[in-house]
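S.K.: sequence? don't have it. structure:
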């Protein structure tokens, strides 16, 4: 088995770009990583919903959802919330620095099985990261899906991620973006309240629709309850369960 075939061995990657996403007391940055080995880089593939392990020498390794789309070749992106030792060290990195990358791990979203359906994305805070991968994949394969509805919220305006991209998506036909923050702020003219409440306010139809949600566990809990109230069946609802992952590739 070569190194490129072993998902447990890390590859060296260069930070090509770093973008600030959230600037609150819980800052988030998106890192664009390029695997140094050209052969490995060409072979590296994933499907929206999967994750990678990112390591920084002297600090450790962390597990992140891939936030870029597999349609965007030659690099992979992760969005990192500054929270602990490793994530704090990552936030101190600069373009050109070297990291370790291994994966991908975990199950993926059923992008093929959902073709021909409306897709409803429901995200909260940093939970928008894996949804971003799927959103961009859906945009790049726009003819395969019906309407795309994005419901996304965070604590404050400074906690919202990917705002430039979301504003660009508003201009697309068949794409609806609904934003919210938890507490009212001066100048904010969109919904004020929690994501599950915004979901009920909008009351999307379950007809020919798949709903995917990711965010804080308490948000997911109430989103799932509200989707059921709106008539969504279990086979129409998907979420992420990273905390229950074991080996990440289905061995255990």
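M.R.: That came through, no problem. Quick caveat: nothing in here was measured; it's all calculated off a predicted structure. Residues are numbered from 1 along each chain as shown.
S.K.: residue 203 is in contact with residue 230, isn't it?
M.R.: Yes - judged on CB atoms under 8 Å, residue 203 makes contact with residue 230 at a distance of 6.1 Å. All C-beta spots, glycine's among them, are computed from the backbone N, C-alpha and C.
S.K.: of the two, which one has the most company?
M.R.: residue 230 (17 against 11; other CB atoms under 10 Å).
S.K.: quick check: the residue nearest to residue 83 when sequence neighbours are not counted vs residue 84, distance?
M.R.: Spatial nearest neighbour of residue 83, chain neighbours left out: residue 26 (7.4 Å); criterion: CB to CB, 6 or more residues apart in numbering. Applying CB to CB, to the nearest Å, the value for residue 26 to residue 84 is 12 Å.
S.K.: compare these two (neighbour count), which wins?
M.R.: Comparing residue 26 with residue 84 by neighbour count (other CB under 10 Å), the higher total belongs to residue 26, at 16 against 11.
S.K.: who touches that one in this structure?
M.R.: 81, 82, 83, 155, 159 (CB atoms under 8 Å, 6 or more residues apart in numbering).
S.K.: the last one contacts residue 22, correct?
M.R.: Yes - taking CB under 8 Å as the definition, residue 159 is a contact partner of residue 22 at 5.0 Å.
S.K.: the two: which is more packed in?
M.R.: The neighbour comparison of residue 159 against residue 22 (other CB under 10 Å) goes to residue 22, with 25 against 22.
S.K.: what's the distance between the more buried one and residue 14?
M.R.: From residue 22 to residue 14 the distance is 24 Å (CB to CB).
S.K.: ditto for residue 147
M.R.: 38 Å.
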